[in-house]
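Peer 1: Turn this into a model:
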Amino acid sequence: MAKRATKLKSKIKAKPIADKQQALPLRKRVRRTVWRALAIAFLVVVGAVLLGRVVNPPTTAYMFSESRRLGGVDHEWVPMREIAPVMVRAVVAAEDANFCQHWGFDLKAIKLAIAQGSNRGASTLSQQTVKNVYLWHGRTWVRKALEAGITPLVEAFWSKRRILEVYLNVAEFDEGVFGVEAAARHYFNVGPEALTERQASQLAAVLPSPKTRSASRPSARLKKRAAQIRSGAATIRADGRAACFES
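Peer 2: Next up, the predicted model:
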């Protein structure tokens, strides 16, 4: 009996150790599964970014949601060669004057925005393109984190010219009007290749708030902003800050 009691005690004492030994492989398996999932997600993102170098996105999450809400949207893809250079420079001057000088994040603009207590002007065209093409609209930390992770990949695999081409084709210029082709015809009844300097600057001026501004019926405030954009576009052309997308 004494021997059996001793064996029973030893089994009871050994059980927690055995449980611990079984738990360790489980934690390792969970860790391995998590790392595999992250690796697969990373490869999917890289694949999507690589695909975006040569394949034009037919729609975006926001465009799709607006199409469902409005019963359709006005959108037609147009290659960069068919967009007037004044339009491209106007958008860069309006949204990201240092576009050719950063790798996706304009640190000077971010510091200035923090100092002013605003995030307006801190988001680069690269970040906006990532948000429009791969993510969704909204100011959640999850979206911002994903945007911060994907933007360097887009900068690494896409040319600056490609980033602008995609941005100009998916940006919203009025309610239900997406891309510069639809916007040029909607506002001025011309193709994007025929836009004048003034028309281009007025189109670029509506981008921060396309649902409340009109390029064809500009307010005094929008006219003033458009004049500033024209001046900025001339400056970036003269000082070489347009070289990365015009060469």
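
Peer 1: ok, so what distance separates the residue positioned nearest the centre of the chain from residue 148?
Peer 2: A centroid search over the chain (Cα atoms, centre = their mean) returns residue 130, at 2.2 Å, as the residue closest to the centre. Computed as Cβ to Cβ, to the nearest Å, the residue 130 to residue 148 distance reads 9 Å. C-beta here means a position set from N, CA and C on the backbone, and glycine is covered the same way.

Peer 1: quick one on the thing from earlier: residue contacts, the residue nearest to the centre of the chain?
Peer 2: Applying Cβ atoms under 8 Å, 6 or more residues apart in numbering, we find residue 130 in contact with 147, 150, 151, 154.

Peer 1: In contact with the last one, which residues are there?
Peer 2: To tie it back to what came earlier, the one meant is residue 154. Counting by Cβ under 8 Å, 6+ apart, residue 154 touches 49, 52, 104, 126, 129, 130, 163.

Peer 1: Would you mind giving the residues you listed as a markdown table with pLDDT and secondary structure added?
Peer 2: Output for the contacts of residue 154, formatted as a markdown table (pLDDT from 0 to 100; DSSP: H, G, I helix; E, B strand; the rest coil):
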| residue | pLDDT | secondary structure |
| --- | --- | --- |
| 49 | 95 | helix |
| 52 | 95 | helix |
| 104 | 93 | coil |
| 126 | 97 | helix |
| 129 | 97 | helix |
| 130 | 97 | helix |
| 163 | 98 | helix |
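
Peer 1: how about these in a markdown table, adding distance to residue 64?
Peer 2: As requested, the contacts of residue 154 are arranged in a markdown table below (distance: Cβ to Cβ, whole Å):
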| residue | distance to residue 64 |
| --- | --- |
| 49 | 20 |
| 52 | 17 |
| 104 | 25 |
| 126 | 22 |
| 129 | 17 |
| 130 | 17 |
| 163 | 21 |
